[in-house]
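# this is a predicted model, with the sequence first.
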Amino acid sequence: MANPAHIELRHLRLLQAVTEAGGLTAAAERLHLTQSAVSHQLKALEDALGLPLVERAARPLGLTAAGRRLLALAHSALPQVDAALRDLAKLKDGDAGELRIAVECHTCYDWLMPAMDAYRDVWPGVELDLLGGFQADPIGLLLDQQADLVITSDPAPRAGIVYAPLFGFEMLALLPPDHALTAKKWLQPADFAAHTLITYPVPEDRLDLVRRVLAPAGVKPPRREAQLTVAILQLVASRRGLAALPAWAVAPYLERGYVAARPIGKHGLWAELHVAVRAGDAARAFVADFIDTVKRDSFARLPGIRPLAGSG
């Protein structure tokens with residue numbers, strides 16, 4: 001058997017994620033890796049130890065005695081390692097600062113707030129501030145020193161700005177539970193033509209459904225705007241039109257049958273979220289840890305998201 005010293009922190013994080021998620025696919029999402037990468041790492045660790053760590057036939061995935069012993073080590077060691085690394089970063093870069101955060105998407109607030117709460121627990125000296133309202137040019141706020149971090153769906157290259165990928169997510173078409181379109185496996189552009197499109201009050205070129213699906217097909221349905229997610233869902237449920245929202249934002253309403261959902265196109269309509277910061281701030285400890293916290297919290301809680309290239 002391999003010397004225990006060959007066990008690395010990434011191995012412990014891998015085993016912890018597999019156990020908590022109950023399977024390799026869900027673990028890959030939590031670690032923002034591909035499933036093949038997770039499978040390869042787990043098999044390599046088992047080969048090095050000469051012992052199986054998981055019971056692959058079990059559903060959810062179970063641990064062997066060796067796996068449970070390593071999991072106990074992970075639960076003990078990882079929090080101490082993370083705390084120590086954070087303390088060292090604070091000694092190097094300081095433990096206070098300011099993060100003015102601009103959020104491009106309305107639904108981001110639903111999952112960002114818990115991540116911010118978790119971050120405050122370990123960085124109490126960092127002042128977090130959310131910039132409200134729709135921002136026509138959020139990246140420009142970084143360059144003008146009016147914001148320190150932007151969550152955006154458009155990582156367009158700009159001088160002095162660096163991006164970190166967060167995750168990909170599916171946009172679902174939403175319709176009343178008894179709507180005729182629920183008979184379809186997925187919706188096509190023409191399915192939206194005869195219905196009002198209910199959206200947030202943002203320009204059309206910022207709406208993935210319009211920009212990437214409807215406009216290229218020459219479909220231009222009438223629009224009705226609502227500020228709040230719950231208001232959009234209420235309008236859909238009362239047959240005032242159709243909408244498209246992230247899967248994570250509507251999961252509780254789908255479970256209750258308040259609205260129905262269908263993929264947009266045969267392969268679904270997938271969007272992305274990235275974090276943008278000024279190049280000079282990317283290496284600051286409290287900035288980097290905020291990005292890590294948001295990503296880790298998102299993959300632990302949000303349904304239906306997937307890793308992006310460069311995020312592993």
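Right, received. Where do you want to start? Numbers count the residues shown, from 1 in each chain.
# return the set of buried residues in the helix or strand where residue 26 lies.
For residue 26, the element it lies in under DSSP states H and E is helix 24-30. For helix 24-30, the neighbour count (16 or more other Cβ atoms under 10 Å) marks 24, 26, 27, 28, 29, 30 as buried. Where C-beta positions appear, they are placed from N, C-alpha and C, glycine not excepted.
# for the first one, which residues are in contact?
So the one you mean is residue 24. Taking Cβ atoms under 8 Å, 6 or more residues apart in numbering as the contact definition, residue 24 lies against 18, 35, 38, 39, 42, 61.
# spit out the contact partners of the third one.
Each residue near residue 38 by Cβ under 8 Å, 6+ apart is listed here: 14, 17, 18, 24, 27, 28, 31.
# mind doing that once more with 6 Å?
24, 27, 28 (Cβ atoms under 6 Å, 6 or more residues apart in numbering).
# now residue 111. Its backbone dihedrals?
Here the main-chain torsion angles of residue 111 (degrees, to the nearest 10) amount to phi -110, psi -20.
# is residue 164 part of a helix or strand, or is it coil?
Classification of residue 164 by DSSP: H, G, I helix; E, B strand; the rest coil places it in strand.
# pLDDT score for it?
pLDDT, residue 164: 93.
# hmm, residue 277 and it touching each other?
No - the pair residue 164 and residue 277 fails to qualify as a contact (Cβ atoms under 6 Å) at a distance of 7.7 Å.
# the two: who's more crowded?
Counted by other Cβ atoms under 10 Å, residue 164 and residue 277 do not tie: residue 277 has more neighbours, with 23 against 20.
# quick one, what contacts the more buried one?
Listed by Cβ under 6 Å, 6+ apart, the contact partners of residue 277 are 149, 287.
# need the contacts of residue 24 in CSV with distance to residue 293, secondary structure and pLDDT, can you?
Converted to CSV, the contacts of residue 24 look like this (distance: Cβ to Cβ, whole Å; DSSP: H, G, I helix; E, B strand; the rest coil; pLDDT from 0 to 100):
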residue, distance to residue 293, secondary structure, pLDDT
18, 21, helix, 85
35, 24, helix, 83
38, 21, helix, 86
39, 27, helix, 88
42, 25, helix, 89
61, 26, coil, 79
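# for stretch 195-211, buried residues please.
Of all the residues in stretch 195-211, those buried under the rule 16+ other Cβ under 10 Å are 195, 196, 197, 198, 199, 200, 206, 207, 208, 209, 210.
# check stretch 50-64 too.
For stretch 50-64, the buried set under the neighbour-count rule, 16+ other Cβ under 10 Å, comprises 51, 53, 54, 61, 63.
# rounded mean pLDDT for the helix holding residue 26, please.
77.
# now do the longest helix along the chain: which elements does it pack against?
The residue-count maximum for a helix in the chain (DSSP state H) belongs to helix 65-93. Where contact means 3 or more Cβ pairs under 6 Å, 6 or more residues apart in numbering; DSSP states H and E, helix 65-93 is packed against helix 9-21.
# packing partners for the helix it packs on?
Where contact means 3+ Cβ pairs under 6 Å, 6+ apart, helix 9-21 is packed against helix 24-30, helix 65-93.
# how about 8 Å then?
Contact here means 3 or more Cβ pairs under 8 Å, 6 or more residues apart in numbering; DSSP states H and E; on that basis helix 9-21 packs against helix 24-30, helix 35-49, helix 65-93.
# CA-only coordinates of the worst-scoring helix or strand of the chain on mean pLDDT, as CSV, when you get a sec.
Lowest mean confidence among the helices and strands of the chain (mean pLDDT, DSSP states H and E): helix 24-30, at a mean of 77. Below are the C-alpha coordinates for helix 24-30, written out as CSV (Å, rounded to 0.1, in the frame of the first residue of the first chain):
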residue,chain,number,x,y,z
LEU,A,24,-19.7,10.9,-9.1
THR,A,25,-21.7,13.2,-11.3
ALA,A,26,-22.9,15.4,-8.4
ALA,A,27,-19.4,15.3,-6.8
ALA,A,28,-18.0,16.6,-10.1
GLU,A,29,-20.4,19.5,-10.0
ARG,A,30,-19.4,20.4,-6.5
